[in-house]
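K.L.:
Output the structure for:
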Amino acid sequence: MKATRDRRDVGAGSPEQRVTRRDLVARALALGCSAATAAGLLAACQRAGPAASGALATGAVAPTTPRPGTGAPVAGSPAASAPATPATAAARGTPPPLPAAGIAWLRDHAIPFATAEPGGDYTDLLPLKPLLGGARLVALGEATQGTHEFSAMKQRLLAFLVQELGFTTFAVEANWPEARRVDACVRAGQGDPTGLLAGLHSWPVDTREMLDLLRWMRAHNARPAPAPPVGFAGLDMQLPNLAIDDVLAYVQGVDAPAAARYTALYAPFRPYALQQLGFGRTTYGEAPPSIKAQCRAGVRQAHDGLEGRRDAYSAAASPRAFARALQGARVVEQAEAMWAYGPAPEAEAVRDRAMAE
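P.N.:
Just a heads-up that it's a prediction; the model follows:
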């Protein structure tokens with residue numbers, strides 16, 4: 001998760017191009033969170049006893065019970081309950097234990113909380129205030145995706161950050177154009193949240209817990225309150241089809257005669273954009289260099305064509321609408337650049353740079 005309390009720009013370019021947010025309260029996968037490290041801390045705290053375990057997490061999961069016949073100790077057996085060592089931890093398939101000094105540090109510094117479930121008061125979270133200070137971004141990671149306790153705690157922390165510290169946007173690792181529809185839902189009640197979550201094409205966020213969070217955001221925004229409204233944002237750019245639709249709809253509205261030209265510019269890449277994530281990347285990655293060059297030239301010309309008409313198009317609609325259309329064209333460029341590598345590791349490097357942008 002990420003959060004900010006000052007002006008934050010989503011997108012790249014000059015000030016007129018920017019979409020201002022006051023901002024980014026949550027990313028479902030924190031960039032700095034290693035799942036192995038987080039899981040190791042939770043397991044070590046649980047082994048250290050209730051004092052440490054309850055201070056760091058509620059409902060920490062015990063080491064996974066191996067399948068019968070593997071020869072590994074079964075939970076509850078003397079071998080399984082014996083003190084863990086790096087060797088026995090490896091045999092059990094669990095993270096190695098923290099040294100005694102690490103466990104002692106956790107006992108001294110961990111902040112207890114009452115529950116991971118949202119609702120109720122936030123008295124137990126108040127010690128976070130001086131730790132956060134004037135932070136603009138707050139990141140929340142998770143040791144595993146789809147785990148109820150992590151997702152529920154995120155909703156609880158989001159409510160705390162919004163109501164107690166004035167944060168204003170929840171941002172997740174989801175496609176930018178689709179996330180805009182979710183934002184309209186939580187801000188103005190437009191659309192069905194269940195269908196909109198499915199439309200993000202990302203199983204870690206298409207969950208009951210995320211649906212509950214969206215409903216909380218909508219309820220918060222619908223009632224007068226001293227806390228500011230909260231929005232939803234996506235930081236990803238892997239699926240360009242809806243972004244293409246948005247650009248074409250925008251051009252049709254501000255410069256109808258030019259719409260056919262933009263449709264033609266996107267035409268070579270459109271068949272790949274229509275394919276789902278994974279299949280599209282592989283197929284486009286295997287396309288001949290001449291096809292890739294044609295697709296890349298088209299999506300770049302579409303972006304540059306919008307940029308060249310900035311003043312006229314902003315005047316025809318609004319600077320904000322233009323910024324969104326230009327960012328949509330940028331998403332298409334970024335997706336094409338990533339898909340060109342297919343499943344190669346270089347694709348993820350392109351994606352990371354795009355998300356940072």
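
K.L.:
where in the chain is pLDDT low?
P.N.:
For the chain, the stretches with pLDDT under 70 are 1-93, 276-280.

K.L.:
show me where it has strands.
P.N.:
Taking DSSP state E as the test, the strands found in the chain are 8-10, 19-21, 169-175, 231-236.

K.L.:
who touches the last one?
P.N.:
Translated: strand 231-236. Strand 231-236 is contacted by residues 10, 21, 23-24, 27, 168-180, 182-183, 185-187, 200, 202, 214, 217, 351, 355 when judged by C-beta atoms under 8 Å, 6 or more residues apart in numbering. Just so you know, the C-beta spots here come from the backbone N, C-alpha and C atoms, and that holds for glycine as well.

K.L.:
angle of it against strand 169-175?
P.N.:
Using axes from the mean of the first three to the mean of the last three C-alpha atoms, to 10 degrees, one finds that strand 231-236 and strand 169-175 are set 30 degrees apart in direction.

K.L.:
residues near Gly141, how many?
P.N.:
Other residues near Gly141 number 18, with proximity taken as other C-beta atoms under 10 Å.

K.L.:
ditto for the one 4 residues further on
P.N.:
Applying other C-beta under 10 Å, we find 15 other residues in the vicinity of Gln145.

K.L.:
gap between Asp311 and Gly305?
P.N.:
Separation of Asp311 from Gly305 (C-beta to C-beta, to the nearest Å) stands at 14 Å.

K.L.:
Who has more neighbours out of the two?
P.N.:
A side-by-side neighbour count of Asp311 and Gly305, using other C-beta under 10 Å, places Gly305 first with 18 against 11.

K.L.:
That one against Ala259, yeah?
P.N.:
No: counting by C-beta atoms under 8 Å, Gly305 stays clear of Ala259, with 11.5 Å between them.

K.L.:
Compute the number of surrounding residues for Val186.
P.N.:
Applying other C-beta under 10 Å, we find 26 residues neighbouring Val186.

K.L.:
Equivalent analysis for the one 3 residues further on, please.
P.N.:
A count of nearby residues for Gly189, using other C-beta under 10 Å, gives 11.

K.L.:
Pull the contacting residues for it.
P.N.:
Contact analysis of Gly189 by C-beta under 8 Å, 6+ apart lists Arg218, Ala222.

K.L.:
again, only this time at 6 Å
P.N.:
By C-beta atoms under 6 Å, 6 or more residues apart in numbering, Gly189 lies in contact with nothing.

K.L.:
any idea how far it is from Ala259?
P.N.:
For Gly189, the distance to Ala259 equals 30 Å [C-beta to C-beta].

K.L.:
Same question for Ala316.
P.N.:
Relative to Ala259, and taking C-beta to C-beta, Ala316 is found at 13 Å.

K.L.:
can you check Trp339 too?
P.N.:
For Trp339, the distance to Ala259 - C-beta to C-beta - is 25 Å.

K.L.:
Likewise for Pro345?
P.N.:
Pro345 is 38 Å from Ala259, by C-beta to C-beta.

K.L.:
Next, count neighbours for the residue lying closest to Ala329 once chain neighbours are set aside.
P.N.:
Nearest residue to Ala329 in three dimensions, chain neighbours excluded: His303, at 4.1 Å (C-beta to C-beta, 6 or more residues apart in numbering). Neighbour count of His303, defined by other C-beta under 10 Å: 21.
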